[in-house]
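Colleague: The sequence and its predicted three-dimensional model are supplied below.
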Amino acid sequence: MGDESEVRDPAEEAVAQLPPRWEVRIQTTRDPVAEETALYRKMAKEVDGRYDDVSGGENGS
């Protein structure tokens, strides 16, 4: 017969392969998407001004 260390429970194997229940998220002090959007808005002008009254988030720009 085989060694007992080689025999593994299929249910335990399945649980061991599951991803963790949580995600790691990093909180940043700046928003690169908002910065890039602000840069493009400085370079160009909207044709119809539809986004002129949209605030820039927390910065209000």
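Modeller: It's in. Residues are numbered from 1 along each chain as shown.
Colleague: and residue 37, how many neighbours?
Modeller: Residues within reach of residue 37, counting by other CB atoms under 10 Å, total 16. Where C-beta positions appear, they are placed from N, C-alpha and C, glycine not excepted.
Colleague: For it, what is the enclosing helix or strand?
Modeller: Per DSSP states H and E: residue 37 is located in helix 32-43.
Colleague: tell me the contacts of residue 47?
Modeller: For residue 47, no contacting residues are found, by CB atoms under 8 Å, 6 or more residues apart in numbering.
Colleague: can you pull the pLDDT of it?
Modeller: Residue 47 is assigned 79 on the pLDDT scale.
Colleague: cool, and residue 51?
Modeller: 72.
Colleague: any idea how far it is from residue 31?
Modeller: 17 Å (CB to CB, to the nearest Å).
Colleague: The helix holding residue 37: how far from the chain's middle?
Modeller: Here the centre of helix 32-43 is set off from its chain's centre by 19 Å, with CA atoms, centre = their mean, to the nearest Å.
Colleague: Tell me the helices and strands packed up against that helix.
Modeller: Contacts defined by 3 or more CB pairs under 8 Å, 6 or more residues apart in numbering; DSSP states H and E place helix 32-43 against no helix or strand at all.
Colleague: ok, residue 32 - how many residues close by?
Modeller: So residue 32, with other CB under 10 Å, has 8 neighbours.
Colleague: where does the chain have low pLDDT?
Modeller: Residue ranges of the chain with pLDDT under 70: 1-5, 54-61.
Colleague: List the contacts of residue 26.
Modeller: Counted by CB under 8 Å, 6+ apart, residue 26 has zero contacts.
Colleague: and it, backbone torsions?
Modeller: phi -110, psi 130 (degrees, to the nearest 10).
Colleague: Perfect, that will be all.
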